[in-house]
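> Build me a model from this:
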Amino acid sequence: MELLINSLNALSLSEKQQLWLILDEAITDAEEDDWREDEETKKEIQLVRDEYANGEYMTFQQYLNQRK
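You can find the predicted model right below:
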């Protein structure tokens, strides 16, 4: 880990920003994979899909009109 930190410190700002983008994408992908495998999350997603299929939803415009 120390070698990695030393290598990071040697990078230019532009290189660090590129690395940041790469790491951000990799973390996002890993998090998506994690929640897709989580049984509780799968159940919640299916519940929402079922409600939507049954017409149990509100459009954004309906939501805005309700707030007036």
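> can you point me to the longest helix in this structure?
If each helix of the chain is counted by residues according to DSSP state H, the longest one is helix 13-37.
> Tell me which helix or strand comes right after that one.
Downstream of helix 13-37, the next assigned helix or strand under DSSP states H and E is helix 39-53.
> Centre of the chain to the longest helix of the chain, how far?
10 Å (CA atoms, centre = their mean, to the nearest Å).
> quick one: secondary structure of residue 56?
Classification of residue 56 using DSSP: H, G, I helix; E, B strand; the rest coil returns coil.
> Now do it against residue 42, distance only.
From residue 56 across to residue 42, the span is 19 Å (CB to CB, to the nearest Å). No exception for glycine: its C-beta is placed from N, CA and C like everyone else's.
> more neighbours, these two?
Each of residue 56 and residue 42 has its neighbours counted (other CB atoms under 10 Å); residue 42 has more, 12 against 9.
> okay, residue 49: pLDDT?
At residue 49, the pLDDT value in this model is 92.
> In contact with residue 51, which residues?
Each residue near residue 51 by CB atoms under 8 Å, 6 or more residues apart in numbering is listed here: residue 57.
> same thing with residue 66?
residue 58.
> element containing it, please.
Counting by DSSP H and E, residue 66 is part of helix 60-67.
> how about that helix: buried residues?
Buried positions in helix 60-67, judged by neighbour count with 16 or more other CB atoms under 10 Å: none.
> model confidence over it, on average?
If you average the pLDDT over helix 60-67, you get 90.
> quick one on the thing from earlier: what are the contacting residues of the longest helix of the chain?
8, 11, 41-42.
> Mind putting those residues into a markdown table with pLDDT and distance to residue 51?
Shown next, in a markdown table, are these (pLDDT from 0 to 100; distance: CB to CB, whole Å):
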| residue | pLDDT | distance to residue 51 |
| --- | --- | --- |
| 8 | 93 | 46 |
| 11 | 95 | 48 |
| 41 | 84 | 16 |
| 42 | 82 | 15 |
